[in-house]
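A.B. asks: For reference, the sequence and a predicted model appear below.
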Amino acid sequence: MATADSSSTALRRRDLCSRGIRLAGKMRTDVVNLLDAYVEQQGLDASASVAAVEGVPLAAVERWDEQTGTQRLLENLAAYRAFRALLAQMLEEQREQLGEADAGLGRALAAVLLQVSAFAYHLEELLRLESRGIPVEEGDGLPPPPRLSLFEQKLRGLGVLRELSQWATRSVRDLRQLAKPSPATDLAESP
């Protein structure tokens, strides 16, 4: 009976990973399109250098291949929770700045926010499947935003969208790794 349960869990994990890969791929495409529209709408240079955004873990990680499945899922979940708060903040700022002047950009931003929320929920489902506790979300996950000038808000938005694009790419890679049936890549017990 344990073998049937184990097999069922493995199939469910692969199914969740496959769906997550599709979700992350679609999200990345939408984020890239949003990024192009954002740069144009905000009058920014697409090659502008932007400092790391406070509260967002970088997608680039050293020793990626040494991470356990649980570590990958937890890092992804923390990142997408942070993105959810940052995108909500960006959407609010966008509405304050432009009102209904550019509803298209606002709708695209809201659509990506919805995808980020759905993906975070999807990651929670994967953690539940592995009988892992879901980390409690503390407030909105970010400190209160500092008062930024309009230009600084635009640059922060550019940085958020760039990093979200990188995370979507990393998430696909992480989920592909998790979907592999090899025992070496199964989720390891976390300390």
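C.D. replies: Arrived safely. What you are looking at is a predicted structure, and each value in this text was computed from that prediction instead of being measured.

A.B. asks: drop to CA atoms for contacts and neighbour counts, all remaining ones
C.D. replies: Will do.

A.B. asks: starting at the chain centroid, how far to stretch 8-18?
C.D. replies: Here stretch 8-18 is found 20 Å from its chain centre; the criterion is C-alpha atoms, centre = their mean, to the nearest Å.

A.B. asks: Please apply the same query to stretch 82-96.
C.D. replies: 14 Å.

A.B. asks: Buried residues, that stretch. List them.
C.D. replies: Residues of stretch 82-96 classed as buried: 82-88, 90-91, 93-95 (neighbour count, 16 or more other C-alpha atoms under 10 Å).

A.B. asks: Report the central residue of the protein.
C.D. replies: Among the residues of the chain, the one closest to the centroid is residue 80, at 3.5 Å (C-alpha atoms, centre = their mean).

A.B. asks: tell me the contacts of that one?
C.D. replies: By C-alpha atoms under 8 Å, 6 or more residues apart in numbering, the residues touching residue 80 are 116-117, 119-120.

A.B. asks: re the thing from before, can you lay out the buried residues of stretch 82-96 as a markdown table showing secondary structure, distance to residue 69 and pLDDT?
C.D. replies: Output for the buried residues of stretch 82-96, formatted as a markdown table (DSSP: H, G, I helix; E, B strand; the rest coil; distance: C-alpha to C-alpha, whole Å; pLDDT from 0 to 100):
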| residue | secondary structure | distance to residue 69 | pLDDT |
| --- | --- | --- | --- |
| 82 | helix | 20 | 94 |
| 83 | helix | 21 | 95 |
| 84 | helix | 22 | 96 |
| 85 | helix | 25 | 94 |
| 86 | helix | 26 | 93 |
| 87 | helix | 26 | 95 |
| 88 | helix | 29 | 94 |
| 90 | helix | 31 | 91 |
| 91 | helix | 32 | 92 |
| 93 | helix | 36 | 87 |
| 94 | helix | 36 | 83 |
| 95 | helix | 39 | 81 |
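
A.B. asks: Of these, which is the nearest to residue 37?
C.D. replies: residue 94 (13.1 Å; C-alpha to C-alpha).

A.B. asks: and the residue lying closest to the closest one once chain neighbours are set aside, how many neighbours?
C.D. replies: For residue 94, ignoring the flanking residues on the chain, the nearest one in space by C-alpha to C-alpha, 6 or more residues apart in numbering is residue 106 at 6.8 Å. Counted with other C-alpha atoms under 10 Å, the neighbours of residue 106 add up to 22.

A.B. asks: show me the contacts for residue 106.
C.D. replies: Contacts of residue 106 by C-alpha under 8 Å, 6+ apart are 91, 94-95.

A.B. asks: Phi first, then psi, for it.
C.D. replies: phi -60, psi -40 (degrees, to the nearest 10).

A.B. asks: repeat for residue 61
C.D. replies: Note on residue 61: backbone dihedrals following degrees, to the nearest 10 are phi -140, psi 140.
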